[in-house]
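S.K.: Okay, predicted coordinates and the sequence, questions at the end:
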Amino acid sequence: FSCFVRTAEPLEYHRSFLKENCRPDGRELGEFRPTTLNTGSINTADGSALVRIGNTTVICGIKGELAAPSTDAPDKGYIVPNVDLPPLCSSRFRPGPPGEQAQAASQFIADVIDGSQIIKKEDLCIEKSKLCWVLYCDIMCLDYDGNLLDACVVTLLAALRNTQLPTVTINKETDLAEVDIQHKRHLQINKHPVASSFAVFDDTVIIVDPTAEEESLATAIITAVTDEDEQLCAFHKPGGSSLSAEKLQDCITRAVARHREIGRLIDKVFHAPAPEF
Amino acid sequence: MAGLELLSDQGYRLDGRRAAELRKVQARMGVFAQADGSAYIEQGNTRALAVVYGPHEVRGSRSKTLHDRAVINCQYSMATFSTAERKRRPHGDRKSSEMSLHLKQTFEAAVLTQLYPRSQIDIYVKILQSDGGNYSACVNAATLALVDAGIPMRDYVCACTAGFVEDTPLADLCHAEESGGGTTLALALLPRSENIALVQMDARLHQDHLDALMEAAMMACKGLSKVLDSVVRQHLQEVSVLTRE
């Protein structure tokens, strides 16, 4: 019988669980779904990572290209993020040009990169005013089940840590770039931002890590991005029901705790000994 | 000819395979929760993902609805990081549109569309890593995804590429072999009835060699069909164990 209630009256179905301080999939209000991370699986990309938060699966591929720096920032490289929500990740997305959710997510990731200084753009400069790296970060959702932004930030961070770029030198005589594929270096990651998303139900109850169903029933969505120094890098509350500053502070506290969880996961993945075949 | 030798004197190819040897195939079904059917396949270094939604009501223009069978809608795209050079236009370019059309026509031959009139079946394929045989990997992944979605088909659709070097047909070409300038033939086969769903070859080939080339491609497809069959059976076993508990 409960499956009929879920389809016919989804809000009542979720409310009945929230009254007991839990959610339909058995989680507590402040509990995140199990998160798994896998890096370096795409050989054609300079760096890659795949993250799964519950059913939401997002992959990120980083490709570095060479370009001339712009005249107003001659000692800075470029980081170009792009979030793609293809129709294969969910039936709510149609084929065609990027929809507003994809564009908004791309802009959010661009803001997080700039705001948190995850990579210093000066590190991407090879020779001032002549040559710099352009990092194309292509984030693609493969399975959409809510909480896209958290997954995007984690996968971007892991992919950047996994990225290895060849050393490039400029030949003084010919003034051409020489790429040495044999000697690759990892990127210098400055800060490690981690995002946490929350959904608000009925203007009062705040739940963490909403699924797609919960997102569609929520009255507001909040995303907080923190880094390892417990500094707030970004805070998004695009409209929705109004909340007191106290409640928002609780969200930030939970986000800081989530940062530690993700930090441990990333360290485990990157420091795990290579499997022996 | 100078440069890379596609087939050495001892009979070994660039990656150490024999002439008729296929690349290692690893496949998984049911990888995504949102989709009705999904599959992931690795053929050597080529990785493809296929996702099936349907059968459902026709979305978009109602005029596409067919009164007696289902419409198959296919979309092929490559991830921007799938090729050595970053792909600037992952979908919408001519090659992708051509591939999408070929996939649609291939599956119209295999899926029992008469069972679902006035509905639509969406097949989305994405190449995550490209190393030759993109079309074949897509067809194989889409076959598994359709099986995972429970959509009835006449037979498995298996696809493989074949090439020709100095009177020896090669099976399952990688990117270096495809772009080496030799002949490439792509074949999609329904193995049990040995009916061919699609054949494509764009190169110069002496007509005496055509039979040998087709034969090599068909043998490769039959080998692949055995692999796909074992993947499906294993997946069913795993799922039945889980549902029993």
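M.R.: Great, that's in hand.

S.K.: Quick check, the residue in chain A closest to chain B?
M.R.: Nearest residue of chain A to chain B: A:Gly61, at 2.9 Å (CB to the nearest CB). Quick note: C-beta positions are derived from backbone N, CA and C, even for glycine.

S.K.: who does whatever helix or strand that residue lives in pair up with?
M.R.: Here A:Gly61, judged by DSSP states H and E, is contained in strand A:56-67. With DSSP bridges as the test, strand A:56-67 is paired with strand A:47-53 (antiparallel), strand A:131-143 (antiparallel).

S.K.: Now for B:Val241, how many residues are close by?
M.R.: Neighbourhood size, B:Val241 [other CB atoms under 10 Å in any protein chain shown]: 9.

S.K.: neighbours of A:Asp250, just the number please.
M.R.: A:Asp250 has 14 nearby residues by other CB under 10 Å.

S.K.: Apart from its chain neighbours, what residue comes closest to it?
M.R.: Once flanking residues are discounted, A:Asp250 sits nearest to A:Ile206: 7.1 Å by CB to CB, 6 or more residues apart in numbering or on different chains.

S.K.: which residues touch the one you found?
M.R.: A:Leu29, A:Phe198, A:Ala199, A:Val200, A:Ile222, A:Leu243, A:Lys247, A:Asp250, A:Cys251 (CB atoms under 8 Å, 6 or more residues apart in numbering or on different chains).

S.K.: Next up, identify which helix or strand A:Leu37 is on.
M.R.: With DSSP H and E as the criterion, A:Leu37 is inside strand A:35-39.

S.K.: Just the buried ones from the contacts of A:Ile206?
M.R.: A:Leu29, A:Phe198, A:Ala199, A:Val200, A:Ile222, A:Leu243, A:Cys251 (16 or more other CB atoms under 10 Å in any protein chain shown).

S.K.: Of the strands paired with strand A:56-67, which stretch is the most buried?
M.R.: Of the strands paired with strand A:56-67, the one with the most neighbours on average (mean count of other CB atoms under 10 Å in any protein chain shown) is strand A:47-53, at a mean of 25.

S.K.: Contacts for that strand, please.
M.R.: A:32-42, A:57-62, A:147, A:150-151, A:154-156, A:158-164, A:187, A:209, B:81.

S.K.: Dump that strand to PDB, keeping only the CA atoms.
M.R.: Extracted in PDB, the C-alpha atoms of strand A:47-53 (Å, rounded to 0.1, in the frame of the first residue of the first chain):
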ATOM      1  CA  GLY A  47      43.300  13.400 -14.700                       C
ATOM      2  CA  SER A  48      40.000  11.800 -13.900                       C
ATOM      3  CA  ALA A  49      37.800  10.800 -11.000                       C
ATOM      4  CA  LEU A  50      34.400   9.100 -10.600                       C
ATOM      5  CA  VAL A  51      32.300   9.700  -7.500                       C
ATOM      6  CA  ARG A  52      29.100   8.000  -6.300                       C
ATOM      7  CA  ILE A  53      27.000   9.600  -3.600                       C
END
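
S.K.: any idea how far that strand is from the chain center?
M.R.: Going by CA atoms, centre = their mean, to the nearest Å, the spacing between the C-alpha centre of strand A:47-53 and its chain's C-alpha centre is 9 Å.

S.K.: and what of stretch B:25-39?
M.R.: Centroid displacement of stretch B:25-39 relative to its chain, using CA atoms, centre = their mean, is 15 Å.

S.K.: So, low pLDDT: which residues of the chain?
M.R.: Here I'm looking at chain A. A:1-2, A:272-277 (pLDDT under 70).

S.K.: To clarify, I was referring to chain B.
M.R.: Looking at chain B by pLDDT under 70, you get B:1-4, B:245.

S.K.: And the helices in it?
M.R.: B:94-110, B:134-149, B:175-178, B:207-244 (DSSP state H).

S.K.: Could you do the stretch 51-200 of chain A as well?
M.R.: A:100-116, A:148-162 (DSSP state H, counting those that start in this stretch).

S.K.: got the ones you listed as CSV, with mean neighbour count columns?
M.R.: Below are those laid out as CSV (neighbours: other CB atoms under 10 Å in any protein chain shown):
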stretch, mean neighbour count
helix A:100-116, 17
helix A:148-162, 26
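
S.K.: want to try a markdown table for those helices, with distance to chain B as columns?
M.R.: Formatted as a markdown table, those follow (distance: least, CB to the nearest CB, whole Å):
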| stretch | distance to chain B |
| --- | --- |
| helix A:100-116 | 13 |
| helix A:148-162 | 10 |
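
S.K.: and the ones you listed as CSV, adding distance to A:Ser48?
M.R.: Output for these, formatted as CSV (distance: least, CB to CB, whole Å):
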stretch, distance to A:Ser48
helix A:100-116, 16
helix A:148-162, 5
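
S.K.: Near the nearest residue to B:Leu228 once chain neighbours are set aside, how many other residues are there?
M.R.: In space, and not counting its chain neighbours, B:Leu228 is closest to B:Tyr156: 5.5 Å by CB to CB, 6+ apart. By other CB under 10 Å, 23 other residues sit near B:Tyr156.
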